[in-house]
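K.L.:
structure, please.
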Amino acid sequence: MAATAEENTLGYEQARDELIEVVRRLEAGGTTLEESLALWERGEELATVCRHWLEGARARLDAALARPEEDAPEEG
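P.N.:
Below is the predicted model of the structure:
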């Protein structure tokens, strides 16, 4: 999957915070059907951005954990 321009510019925390706001607005109700659909679509986009960041972080962590022990810093 190719990264979108938004995934490259929107940080994880920004996307997460906006997603929380989108969910809050949807749960509160009081929006038109068109507004609700637009919020839902934005929420899906933001969830994709968050998932992209988390998958990248997981891959970096897995790579670090897979390093041979001789590459790890010595304790003591």
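
K.L.:
could you use CA atoms for every contact and neighbour count after this?
P.N.:
OK.

K.L.:
center of the chain - which residue?
P.N.:
In the chain, the centroid-proximal residue (CA atoms, centre = their mean) is residue 50; its distance is 0.6 Å.

K.L.:
skipping its backbone neighbours, what lies nearest that one in space?
P.N.:
Take residue 50 and drop its neighbours on the chain: the residue closest to it by CA to CA, 6 or more residues apart in numbering is residue 12, 5.5 Å away.

K.L.:
what pLDDT does that neighbour get?
P.N.:
Note on residue 12: pLDDT of 97.

K.L.:
repeat for residue 37
P.N.:
98.

K.L.:
give me the number of residues near it?
P.N.:
13 (other CA atoms under 10 Å).

K.L.:
ok so, going back, how many residues are close by the residue nearest to residue 50?
P.N.:
18.

K.L.:
check residue 49 too.
P.N.:
For residue 49, using other CA under 10 Å, the count is 24.

K.L.:
would you check that it makes contact with residue 9?
P.N.:
No: applying CA atoms under 8 Å, one finds residue 49 not in contact with residue 9, separated by 9.9 Å.

K.L.:
list the residues that contact the residue nearest to residue 50.
P.N.:
49, 50, 53 (CA atoms under 8 Å, 6 or more residues apart in numbering).

K.L.:
that older thread, which strand or helix spans the residue nearest to the centre of the chain?
P.N.:
Assigned by DSSP states H and E, residue 50 falls within helix 33-65.

K.L.:
which secondary structure elements does that helix contact?
P.N.:
Judged by 3 or more CA pairs under 8 Å, 6 or more residues apart in numbering; DSSP states H and E, helix 33-65 is in contact with helix 5-9, helix 12-28.
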